[in-house]
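*Asks:* pasting the sequence and the predicted coordinates here, then a few questions.
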Amino acid sequence: VAHKEENPLYYEYFRSFFAGNFDACKARIHMLEKCINPDADVQQMLVKMLASEDEKLMLDMRRLVVEMGDYYLNELLCRRLFELDSDNLEYMDMLGLAADYQGRYKEAEVFHHQCLEARKAALGVAHPDTLDSINNLALAVELQGRYKEAEK
């Protein structure tokens, strides 16, 4: 049983299923069936996934591996997505978060700073995505113990 407090994403899926949102459940199962062949070698499947240009599939898989706590695979998927579209600021932000998840806060700070500057230029300072970037940058700085700087 999924508990909302412990894992809100699993809770959301279970709730969707029991609320009759079968399309969401079918889409999730379809994504897993595309990715998982029980007879395949895991390493070969990973190589195939990372060679893919199917961004939606990789985004879906990324969400799944983050839920599972596999932050290394998350980073590999984020890097591949960024290779496919280096102008996509969401992918740049995800790379910063991938470094955060693994405790590499200095590296995360660089990605978050680049993303923040690009979002300010493209979207303006008050846009919600820009504000998310400010928050992500402040968190990466704070986690390095630079509390005063993070407050700015």
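*Replies:* Here it is on my side, so go on.

*Asks:* who's in contact with the helix or strand hosting L77?
*Replies:* According to DSSP states H and E, L77 maps onto helix 71-84. Outside of helix 71-84, the residues within contact range by Cβ atoms under 8 Å, 6 or more residues apart in numbering are 46, 49-50, 52-53, 55, 58-59, 61-62, 65-66, 88, 91-92, 94-95, 97-99, 101-102. For every residue, glycine as well, the C-beta is placed using N, CA and C.

*Asks:* now it: buried residues?
*Replies:* Applying a neighbour-count criterion of 16 or more other Cβ atoms under 10 Å, the buried positions in helix 71-84 are 71, 73-78, 80-82.

*Asks:* looking at the residues you listed, which is nearest N136?
*Replies:* For these, the minimum distance to N136 (Cβ to Cβ) is 13.6 Å, reached by C78.

*Asks:* what's near enough to touch the most centrally placed residue in the chain?
*Replies:* Nearest to the mean C-alpha position of the chain, counting by Cα atoms, centre = their mean, stands M94 at 4.9 Å. Each residue near M94 by Cβ under 8 Å, 6+ apart is listed here: 62, 78, 81-82.

*Asks:* if we go to 10 Å?
*Replies:* When contacts are counted by Cβ atoms under 10 Å, 6 or more residues apart in numbering, M94 touches 59, 62, 66, 74-75, 77-79, 81-82, 88, 111, 115.

*Asks:* need these in CSV with distance to L139 and pLDDT, can you?
*Replies:* Compiled in CSV, these are given as follows (distance: Cβ to Cβ, whole Å; pLDDT from 0 to 100):
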residue, distance to L139, pLDDT
L59, 22, 87
R62, 20, 85
V66, 16, 82
N74, 17, 87
E75, 17, 90
L77, 21, 90
C78, 17, 92
R79, 21, 91
L81, 21, 93
F82, 20, 92
N88, 21, 93
F111, 12, 93
C115, 13, 94
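
*Asks:* can I get these in CSV with distance to G124?
*Replies:* As requested, these are exported to CSV (distance: Cβ to Cβ, whole Å):
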residue, distance to G124
L59, 25
R62, 28
V66, 29
N74, 29
E75, 29
L77, 29
C78, 25
R79, 28
L81, 25
F82, 23
N88, 18
F111, 20
C115, 14
